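K.L.:
quick one, fold the following:
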Amino acid sequence: MRIVLLGAPGSGKGTQSKLLVEKYKIPQISTGDLLRAAVAAGTELGRRAKAAMDAGQLVTDDVVLGMIQERLAQPDARNGFILDGFPRNNPQAQALDSLLARLGQPLQLALLVDVGTEVLLKRLTGRRTCARCGQMYNVYFQPPRIAGRCDKCNGELQQRSDDNESTIRKRLEVYEQQTAPLMAYYRSQNKLRKVTGEGDVQEIFRSIVNLIEDHIHPLSALRGAIGQTPAPRPKVTDLKAPTPVKTALSASAGTQAAAKKAAPKKKAVAKKAAPKKKAVAKKKAAPKKKAVAKKAAPKKKAAPKKKAVRARR
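P.N.:
As a prediction, the model looks like this:
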């Protein structure tokens, strides 16, 4: 199962991704996590990424794709993966498709967790984090029992500096501009599916699982392996082996046997046809000639009657 998770900041796709990892036993691959891990490990790609970040530049797509390729080579990604945070635009999506095609692991599903703008604003502006233990709260949806204090350790709750409405609205505008063409890209491939990300977390998760089962698993059952185009279902007539194929593949002995079977049929027809012609000739033609000869003989004996009349005169 190979999925790209799409959604605006605050849509809850990170939470749903963790639930999917637990259910399907496949890794979540976050490009942010990959970058941090590569920089910490000091790999070649990590050094290139660090140089770009230190210069205040964006990490190039080829570096990110190289990290994704290395991550997909690990054993836990053999049965699939969930990509989070990449791609963000059409060029990245096209580059990702090319990479996955070379690896023989094409993407199966682009899953959009869709949430309204006003709900996103409340989720992001209402976030609070305990400065002592890191526990997360939301003043609108999951408030603490005591305002500004953590329920677990009574630590002070803090708000991120960028979790203000003006900053978040700008982030959402950028997301809409970048992601709208991406939606059209995956829709044209019939890979885009949308689930509403508002409401109970478990209900959203059940909707996602149902969507995955409907879109991916039935295709897998037909082809025996996930990720390839399924063969069409055979018709009932297709299940029987056609005789022309067997005849073409058989040896010359098979054709001789067919000829022997055909010969007796011709002889049998000849034997049945001959008796029919003889029976017609005997029954119809012979009786007609004899009947005509018997009726003509009495007419010749009428001549002596005429001679007797002349003698009396």
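
K.L.:
okay, and the helix or strand of the chain with the least pLDDT?
P.N.:
The helix or strand of the chain with the poorest confidence is helix 243-249; it has a mean of 37 (mean pLDDT, DSSP states H and E).

K.L.:
okay, strands next: where are they in the chain?
P.N.:
All strands of the chain, identified by DSSP state E, fall at 2-6, 28-30, 81-84, 109-114, 127-130, 136-138, 157-158, 192-196.

K.L.:
can you list those in JSON lines and add mean pLDDT?
P.N.:
Formatted as JSON lines, the strands of the chain follow (pLDDT from 0 to 100):
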{"stretch": "strand 2-6", "mean pLDDT": "95"}
{"stretch": "strand 28-30", "mean pLDDT": "93"}
{"stretch": "strand 81-84", "mean pLDDT": "94"}
{"stretch": "strand 109-114", "mean pLDDT": "95"}
{"stretch": "strand 127-130", "mean pLDDT": "95"}
{"stretch": "strand 136-138", "mean pLDDT": "95"}
{"stretch": "strand 157-158", "mean pLDDT": "96"}
{"stretch": "strand 192-196", "mean pLDDT": "95"}
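
K.L.:
and those as CSV, adding mean neighbour count and distance to residue 59?
P.N.:
(Each C-beta comes from the backbone N, C-alpha and C, glycine too.) Below are the strands of the chain laid out as CSV (neighbours: other C-beta atoms under 10 Å; distance: least, C-beta to C-beta, whole Å):
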stretch, mean neighbour count, distance to residue 59
strand 2-6, 24, 19
strand 28-30, 19, 14
strand 81-84, 24, 16
strand 109-114, 21, 22
strand 127-130, 20, 26
strand 136-138, 15, 27
strand 157-158, 18, 29
strand 192-196, 17, 26
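
K.L.:
take the ones you listed and write them to TSV, including distance to residue 167.
P.N.:
Below are these laid out as TSV (distance: least, C-beta to C-beta, whole Å):
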stretch	distance to residue 167
strand 2-6	22
strand 28-30	22
strand 81-84	22
strand 109-114	21
strand 127-130	13
strand 136-138	17
strand 157-158	16
strand 192-196	25
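
K.L.:
what ranges does the stretch 51-200 of the chain have for its helices?
P.N.:
Secondary structure of the stretch 51-200 of the chain (DSSP state H, counting those that start in this stretch): helices at 61-72, 90-103, 117-125, 165-188.

K.L.:
in contact with residue 87, which residues?
P.N.:
By C-beta atoms under 8 Å, 6 or more residues apart in numbering, the contact list for residue 87 reads 4, 93, 95, 96, 182.

K.L.:
and the third one, how close does it get to residue 194?
P.N.:
When C-beta to C-beta, to the nearest Å is applied, the distance between residue 95 and residue 194 equals 24 Å.

K.L.:
name the nearest residue to residue 93, sequence neighbours excluded.
P.N.:
Leaving aside its chain neighbours, residue 93 sits nearest to residue 87 (4.2 Å; criterion: C-beta to C-beta, 6 or more residues apart in numbering).
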